[in-house]
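A.B. asks: I'll drop the sequence and a predicted model, then ask my questions.
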Amino acid sequence: MNQQKLPNATAVLVLGIVSIIGCCCYGVVGIITGIVGLYLFKKDNALYKQNPDLYSDYSNLNTGKILCIIGIILSVLYIGYLIVVISTLGLDAMKDPQLMQERLKELMGQ
């Protein structure tokens, strides 16, 4: 029997990689690409479950799913970190390094 590739397996893998890299873009890119990758995984996984003997690259699909999940988790953690830093130091301190140093010294009690 001639096996074929799942239609979105490579796309899910690429979106998983982009979601990990995209977590550095304020987390938004990582979350969006991770969710799109998981949606495509769900579609291809259902297709594979219907006839597993017909498809050959299920391992790429699973690897992409894992990368998407890792990318989403890293993005959420980065957004949480940004929220804590902005609420502690303020948005204006994020733009001015000297003001940030002053506020950090105030927080440390110096």
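C.D. replies: Yep, it's here. Numbering: from 1, shown residues only.
A.B. asks: Every contact and neighbour count from this point should use C-alpha atoms.
C.D. replies: Noted.
A.B. asks: Using PDB, list the CA coordinates for the helix or strand of the chain with the lowest mean pLDDT.
C.D. replies: One helix or strand of the chain scores below all others by mean pLDDT, DSSP states H and E: helix 91-95, with a mean of 87. Provided in PDB are the C-alpha atoms of helix 91-95 (Å, rounded to 0.1, in the frame of the first residue of the first chain):
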ATOM      1  CA  LEU A  91       5.700  51.200  32.100                       C
ATOM      2  CA  ASP A  92       7.700  54.400  32.000                       C
ATOM      3  CA  ALA A  93      10.700  52.600  33.700                       C
ATOM      4  CA  MET A  94      10.700  50.000  31.000                       C
ATOM      5  CA  LYS A  95      11.500  52.700  28.400                       C
END
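A.B. asks: Mind checking what helix or strand follows it in sequence?
C.D. replies: Using DSSP states H and E, the helix or strand that follows helix 91-95 towards the C-terminus is helix 97-108.
A.B. asks: other SSEs contacting that next one?
C.D. replies: If you count contacts as 3 or more CA pairs under 8 Å, 6 or more residues apart in numbering; DSSP states H and E, helix 97-108 packs onto helix 58-89, helix 91-95.
A.B. asks: Would you mind putting those into JSON lines with distance to residue 103 and mean neighbour count alongside?
C.D. replies: Formatted as JSON lines, the helices and strands packed on helix 97-108 follow (distance: least, CA to CA, whole Å; neighbours: other CA atoms under 10 Å):
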{"stretch": "helix 58-89", "distance to residue 103": "6", "mean neighbour count": "18"}
{"stretch": "helix 91-95", "distance to residue 103": "8", "mean neighbour count": "13"}
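A.B. asks: on contacts alone, who are the packing partners of the least confident helix or strand of the chain?
C.D. replies: When contacts are defined as 3+ CA pairs under 8 Å, 6+ apart, helix 91-95 packs onto helix 97-108.
A.B. asks: Right, I'll leave it there.
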